[in-house]
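[1] Give me a model of this one.
(chains A and B)
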Amino acid sequence: EAQVTQNPRYLITVTGKKLTVTCSQNMNHEYMSWYRQDPGLGLRQIYYSMNVEVTDKGDVPEGYKVSRKEKRNFPLILESPSPNQTSLYFCASSTRDRGVTYTNTGELFFGEGSRLTVL
Amino acid sequence: AQKITQTQPGMFVQEKEAVTLDCTYDTSDQSYGLFWYKQPSSGEMIFLIYQGSYDEQNATEGRYSLNFQKARKSANLVISASQLGDSAMYFCAMRVPSGGYNKLIFGAGTRLAVHP
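    Have a look, this model is predicted:
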């Protein structure tokens, strides 16, 4: 079954304690990204990766790190979590566009979400 | 600036009636895609429907249709014959060309409640 798997699904931690949220996809997608969801703001992109060893900042990268050492995995690292990083996090993946006129929907496949609380 | 606006924080509808969820977008790109996602209380994101900027026909997927008005830059979601299971948060999103990858820009969402 094609899927994006995130772990943990729920986590409560304390300020400053490093944590990693893992993300793995089994669809051989080149593109992966992380979003955070906050009430009234929708989903905002944190980081993205176009392929192995290629990552770049999204709209809200402060306080986060990522790595892409393998095509299937894209972990999100919070080196020193703070309460303002309490949020619902989504990992997503897709194939890379083939041209300006889209020949497919380019649909993003989302993981089930990871709800993080930083006390 | 590229932006998605959903002006309805919450909507409610009677079961079996139709409901329209509003979405307007702003982009200077000629080639873009518009999506609607459903997020039930369990939290996962469920893809509903897609409309490409060059598609002349409005997209339809079962009870979902997308009312695409390009000149007005609107992409409203119409749900016909609402069901209790349609109660959820709904997000409109726009994909624009950006170095050959699929970045989506999301609206703030509309929470739909279907009443029996």
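[2] For the rest of this, base every contact and every neighbour count on C-alpha atoms.
    Fine.
[3] What count of nearby residues applies to A:Asn28?
    The burial count assigned to A:Asn28 is 12, neighbours taken as other C-alpha atoms under 10 Å in any protein chain shown.
[4] what does B:Lys73 give?
    With neighbours defined by other C-alpha under 10 Å, the count for B:Lys73 comes to 14.
[5] next one: A:Leu108
    The criterion is other C-alpha under 10 Å. On that basis, A:Leu108 has 22 neighbouring residues.
[6] Help me confirm that it comes into contact with A:Tyr35.
    No. Checked against C-alpha atoms under 8 Å, the pair A:Leu108 and A:Tyr35 is beyond contact range at 11.6 Å.
[7] separation between the closest residue to A:Thr95 other than its chain neighbours and A:Glu112?
    Nearest-residue entry for A:Thr95: A:His29, 5.0 Å, with adjacent residues in sequence omitted and distances by C-alpha to C-alpha, 6 or more residues apart in numbering or on different chains. Using C-alpha to C-alpha, to the nearest Å, one gets 17 Å for the distance from A:His29 to A:Glu112.
[8] before we move on, what about A:Tyr47?
    Relative to A:Glu112, A:Tyr47 is positioned 18 Å away (C-alpha to C-alpha).
[9] Overlap of the contact sets of A:Leu108 and A:Tyr35?
    Shared contacts of A:Leu108 and A:Tyr35, defined by C-alpha atoms under 8 Å, 6 or more residues apart in numbering or on different chains, are found at A:Ala92.
[10] before we move on, back to that, what about A:His29 and A:Glu112, which has more around it?
    With other C-alpha under 10 Å as the criterion, A:His29 and A:Glu112 differ in neighbour count, and A:Glu112 comes out ahead with 21 against 17.
[11] ok, that one to A:Gln6 distance?
    7 Å.
[12] repeat for B:Ala1
    From B:Ala1 over to A:Gln6 the distance is 32 Å, taken as C-alpha to C-alpha.
[13] Show me which of those two is the more surrounded one.
    In terms of neighbours (other C-alpha under 10 Å), A:Gln6 is the more surrounded of B:Ala1 and A:Gln6; the figures are 23 against 7.
[14] Remind me which helix or strand the more buried one belongs to.
    Remark: A:Gln6 resides in strand A:4-7, with elements defined by DSSP states H and E.
[15] Any regions of chain A where pLDDT drops low?
    Of all residues in chain A, those with pLDDT under 70 make up the ranges A:96-106.
[16] Run a quick check on B:Leu66 versus B:Asn76, I expect a contact.
    Yes. Between B:Leu66 and B:Asn76 there is a contact at 5.7 Å, judged by C-alpha under 8 Å.
[17] Show me which of those two is the more surrounded one.
    Set B:Leu66 next to B:Asn76 and count neighbours by other C-alpha under 10 Å: B:Leu66 wins out with 25 against 19.
[18] show me what contacts the residue nearest to the more buried one when sequence neighbours are not counted?
    Using C-alpha to C-alpha, 6+ apart and skipping residues adjacent in sequence, the residue nearest B:Leu66 is B:Leu77, 4.8 Å away. With contacts defined as C-alpha under 8 Å, 6+ apart, the neighbours of B:Leu77 are B:20-23, B:36, B:64-67.
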